[in-house]
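>>> Need a 3D model of the sequence below.
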Amino acid sequence: MTDSFLGKENEVLVESEKLLADSPELVTPETYAKLTADYARLLKNFSRIIRISDRNELRLQSVSDELEIEKKKLEGVAGQLAKYLPRQIYDSIFKGDQSIEIKTQRKLLTVFFSDIQGFTHISSVIQPEVLTHYMNAYFTEMSDIAAKHGGTIDKYIGDAMMVFFGDPESRGPQEDALACVRMAYEMQERLAELHIQWQREGLQHPFITRIGINTGYCNVGNFGSHSRMAYTILGGEVNLAARIEGKCEPGGVLISHETYAQVKDFVEVSERDLLELKGIALPVKTYAVVKVSDTNRSHTSDLRIDIKGLDKMIVKPGNLSMPDRLSLVARLRDMANTLEGIKPHD
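The predicted structure is shown next:
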């Protein structure tokens with residue numbers, strides 16, 4: 001780089017020395033010699049400076065390459081770390097919005113619990129490798145739905161799943177509660193479809209879940225020690241959500257009165273008898289979700305199918321629970337796909 005960068009200067013120096021040699025009578029030899037000597041010295045010093053700059057540039061490039069490698073390593077580690085943290089918590093930490101200290105605050109949250117009915121028995125009769133495969137598929141499907149609706153996945157506890165709405169991001173108590181109920185309903189819809197798919201694959205023990213939801217004030221933040229902590233929620237309202245889930249019918253969604261008060265304009269429910277729950281001082285009013293909608297109410301009159309080649313079928317929507325209705329919809333959709341020759345999704 002040095003020679004090419006100073007090419008013109010070198011040419012001037014050569015021409016000047018040639019002029020002095022060929023026509024000494026045009027200039028005083030001593031003066032011209034001193035001038036060319038000074039010029040040569042300056043050119044040499046400048047050339048040395050450029051070589052040092054070239055070496056520094058190479059070093060800087062090397063450092064830049066090393067930094068890029070370390071950056072990619074850091075991004076890889078961060079990407080792996082993201083799988084162990086709720087997405088919202090991960091984002092807030094890396095944006096600097098979340099402090100890494102033992103600190104909590106009290107917030108109005110909507111809390112979701114689910115578990116798989118009879119999981120202890122299921123795990124005892126299915127090979128561990130098969131169980132692991134379907135559990136991972138189950139949690140993947142449910143987690144995708146939770147992320148879609150903006151839920152913060154707190155933890156997986158065996159076959160149970162805990163999600164909350166309202167922190168670190170909140171759309172307001174009503175929207176948080178409604179998003180949670182819609183998430184729960186969509187989870188049961190998806191599971192009704194997966195039951196058919198997994199049964200076709202040979203799974204003899206379907207994953208039928210119970211879901212409980214409650215809305216109330218909870219302590220949320222970092223709990224633990226300075227060496228290890230977890231971002232989670234605590235409080236009586238969390239325990240109540242877990243207790244309600246235990247009383248839910250298999251395949252259903254059971255919500256507390258506090259949650260129902262937030263979402264009553266967008267759901268159809270069936271009021272349940274007051275529940276006496278362990279660890280809860282007063283009886284608890286709950287509602288079984290029948291349908292979730294924006295404006296339209298579900299069809300309640302009888303549905304009749306009377307087609308040549310088919311046994312006559314009458315569906316009474318008013319007599320169907322949410323689990324039964326979702327199962328019927330999923331099976332009718334599967335039958336329609338079979339008639340059309342549409343292969344089921346892998």
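>>> quick one, helices of the stretch 201-346 of the chain?
236-246, 257-263, 322-340 (DSSP state H, counting those that start in this stretch).
>>> Which among those helices is found nearest to F207?
Comparison of those against F207 by CB to CB identifies helix 322-340 as nearest, at 12.8 Å. (Each C-beta comes from the backbone N, C-alpha and C, glycine too.)
>>> can you put the helices of the stretch 201-346 of the chain in CSV and add mean neighbour count?
Output for the helices of the stretch 201-346 of the chain, formatted as CSV (neighbours: other CB atoms under 10 Å):
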stretch, mean neighbour count
helix 236-246, 21
helix 257-263, 20
helix 322-340, 15
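>>> Go through the protein and flag its longest helix.
helix 29-82 (DSSP state H).
>>> by contact count, what packs against it?
Counting contacts by 3 or more CB pairs under 8 Å, 6 or more residues apart in numbering; DSSP states H and E, helix 29-82 packs against helix 2-5, helix 7-22, helix 87-94.
>>> show me where the stretch 201-346 of the chain has strands.
Using DSSP state E, counting those that start in this stretch, the strands of the stretch 201-346 of the chain run over 209-224, 229-234, 253-256, 267-271, 286-292, 303-305, 313-315.
>>> Out of the helices of the stretch 201-346 of the chain, which gets the lowest mean score?
Out of the helices of the stretch 201-346 of the chain, helix 322-340 stands lowest, with a mean of 75 (criterion: mean pLDDT).
>>> what's the helix or strand for H195?
Assigned by DSSP states H and E, H195 falls within helix 173-201.
>>> quick one: average pLDDT of that helix?
95.
>>> any idea how far it is from the chain center?
17 Å (CA atoms, centre = their mean, to the nearest Å).
>>> Which positions in it come out as buried?
By neighbour count on 16 or more other CB atoms under 10 Å, the buried set for helix 173-201 is 173-196, 198.
>>> thinking again about what came up before, point out the most buried one among the strands of the stretch 201-346 of the chain.
strand 253-256 (a mean of 28; mean count of other CB atoms under 10 Å).
>>> What is the distance between that strand and the centre of its chain?
25 Å.
>>> contact partners of that strand?
Contact with strand 253-256 is made by 181, 184-185, 188, 210-216, 240-241, 244-245, 247-248, 263, 269, 272, 284-289, 322, as judged by CB atoms under 8 Å, 6 or more residues apart in numbering.
>>> Over to stretch 169-184?
88, 107-110, 112, 114, 145-146, 148-151, 163, 165-166, 211, 213, 215, 253, 255, 259, 262-263, 266-267, 289, 292.
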